[in-house]
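S.K.: when you get a sec, could you give me coordinates for this:
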Amino acid sequence: MKRVHFIAIGGAAMHNLAIAISKKQWYSVTGSDDEIFEPSYSRLKKNGLLPDKLGWFPEKIEKGLSAVIIGMHAGADNPELLKARSLGLKIYSFPEYLYEQTRSKTRVVVGGSHGKTTTAAMILFVLYKSGLTPDYMVGAQIDGFEDMVKLSMEANIAVFEGDEYLTSALDRRPKFHVYRPHIAVLTGIAWDHINVFPTFENYVSQFQKVTELMEPQGRLVYNCEDENLRKIVQNLRSDLIAFPYKTPPYEVKGGITWLKTAYGNVPLKVFGEHNLQNIEAARLVCRQLGINDEKFYENIKFFSGAANRLEKIAETLYSVAFKDFAHSPSKLRATVRAVRMQYPARKLVACMELHTFSSLTSDFLPQYKHCMQDADIAMVYYNPQTVEFKRLPALSQERVQQAFGDNVRVFTDAKIMQTELQKINCQNTALLLMSSGNFDGINLEEFAKNLIT
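M.R.: Now for the predicted structure:
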């Protein structure tokens, strides 16, 4: 029996990997953490992996462990990590372990500042519909997939979402530098994570590095509408082959986006130009994996999206509500525009929460200028306590409003924002709630349903 221990098992990625490993035959999984929130708590409990007590327990670290996997939440002085080092155990970060488990497989890695979760989900959806069952790691729940991570002995393909954020507290490499893809997708570059990449040039260089770390004879699928990606491709290694893509022809009729293809118009369950670009990227990857275009289009029309990515949470005959993970300027702008184009005759009410380190940094805020200009009513919320918790300088509502412009209303009290939303007549409305958090505990599905009904 192989025994694997997780330090900081409650992380979004870590708990999913722990569940995936626990389902493998001959594997035993344990873990520790000093705080575990939902949905990690319930999912770990359901799978029998929830630690009995919160905290760090060096006595859990024994010589018999096959591997110790460390999450971002654990620092270099973590007592369990120190014990593992003293015993000379194999210590992996989350992405390092994924790479080790898939070294003999064809690895597809989807990177980019936006769209990577959805593009990876589209690839997986079509592969499964076509009878292939690859290993995978994605950052959101996909309809029809029980877990967000899968590792197996049988699969010869692995599809990973390639995050550019740091590998661990001990390893300052971006995660997508670890995977060494045979097929890489780069969806676009828009500055983010300024606490790690202080300049745009430094941020762009991380994507350049991905191409340098690809396996020999690799395939690069890239968005040729992105100027920075075009520059990267100009200096591509000679053994790599590049496949450009751009927004495909389409039309919106009756609230449905139709993709124009050589096999006829294909109705989609998703919408927005970014999603159309994601479909093109997924098509080119699937073609490299043996799925022809006709079969791809037959299947992609059934794809309904990934959780929290323009996810429909309420609908009536005349109104509709979505929630979305949008938090960076490029994601915010694209999401608001997508809903506007899909529902041009409806009033668009857009609410966004500033929650990440970058979004709550005063010097970064000007990046949000005009991001919500396509909305009829635009609101931005942030919690001053979150700013304090991230050890950032205090933000004034006036500073945030000035940064966004376009008559955006700014709130620092979630209940006051809810009250103002309840004053709006939401007949014939498209409601959009965007955050990487939860607006300080609002049940978005229930709240949206009440608003539009």
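
S.K.: check for me that Ser330 belongs to a helix.
M.R.: Yes - membership of Ser330 in a helix is supported by DSSP: H, G, I helix; E, B strand; the rest coil.

S.K.: measure it to Met352 for me?
M.R.: As defined by CB to CB, to the nearest Å, Ser330 lies at a distance of 13 Å from Met352. Backbone N, C-alpha and C define where each C-beta goes, glycine included.

S.K.: Asn428 now?
M.R.: 22 Å.

S.K.: of those two, who's got more company?
M.R.: Using other CB atoms under 10 Å, the more surrounded residue of Asn428 and Met352 is Met352, with 29 against 14.

S.K.: residues touching Lys301, list them.
M.R.: Val266, Pro267, Leu268, Lys269 (CB atoms under 8 Å, 6 or more residues apart in numbering).

S.K.: so which of those comes closest to Ser86?
M.R.: Lys269 (52.9 Å; CB to CB).

S.K.: can you give me the helices for this structure?
M.R.: For the chain, the helices defined by DSSP state H cover 12-22, 40-46, 79-86, 94-101, 116-129, 200-212, 227-234, 273-288, 293-300, 329-342, 384-389, 397-404, 414-422, 444-452.

S.K.: now do the last one: distance to the chain's middle.
M.R.: The reference is to helix 444-452. With CA atoms, centre = their mean, to the nearest Å as the basis, helix 444-452 stands 24 Å off its chain's centre.

S.K.: equivalent analysis for the second one, please.
M.R.: Between the mean C-alpha point of helix 40-46 and the mean C-alpha point of its chain there is a distance of 20 Å (CA atoms, centre = their mean).

S.K.: now that helix - C-alpha only, CSV.
M.R.: Output of helix 40-46 as CSV, limited to C-alpha atoms (Å, rounded to 0.1, in the frame of the first residue of the first chain):
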residue,chain,number,x,y,z
SER,A,40,-13.3,21.4,0.4
TYR,A,41,-14.6,20.5,3.8
SER,A,42,-17.7,18.6,2.6
ARG,A,43,-15.9,16.9,-0.2
LEU,A,44,-13.1,15.6,2.0
LYS,A,45,-15.6,14.4,4.6
LYS,A,46,-17.6,12.6,1.9
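
S.K.: wait, Pro95 sits on Arg180?
M.R.: No - at 10.5 Å, Pro95 does not count as touching Arg180 under the criterion of CB atoms under 8 Å.

S.K.: pick out whichever of those two has more residues nearby.
M.R.: Comparing Pro95 with Arg180 by other CB under 10 Å, the one with more neighbours is Pro95, at 24 against 17.

S.K.: filter the contacts of Lys301 to the buried ones?
M.R.: Among those, those classed as buried by 16 or more other CB atoms under 10 Å are Val266, Leu268.

S.K.: restricted to strands, list the contacts of Lys301.
M.R.: Val266, Pro267 (DSSP state E).

S.K.: would you list the contacts of Lys301 in TSV and tack on pLDDT and distance to Ile7?
M.R.: As requested, the contacts of Lys301 are exported to TSV (pLDDT from 0 to 100; distance: CB to CB, whole Å):
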residue	pLDDT	distance to Ile7
Val266	97	46
Pro267	97	47
Leu268	96	42
Lys269	94	40
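
S.K.: of the contacts of Lys301, closest to Ala20?
M.R.: Among these, Lys269 lies closest to Ala20 (CB to CB), at 27.2 Å.

S.K.: ok, the residue nearest to the closest one when sequence neighbours are not counted - how many residues close by?
M.R.: Spatially, and ignoring its direct neighbours in sequence, Lys269 is nearest to Ser304 (4.5 Å; CB to CB, 6 or more residues apart in numbering). Residues lying near Ser304 (other CB under 10 Å) number 14.

S.K.: pretty sure Ser304 contacts Asp143?
M.R.: Yes - here Ser304 lies in contact with Asp143, judged by CB under 8 Å, at a distance of 5.5 Å.
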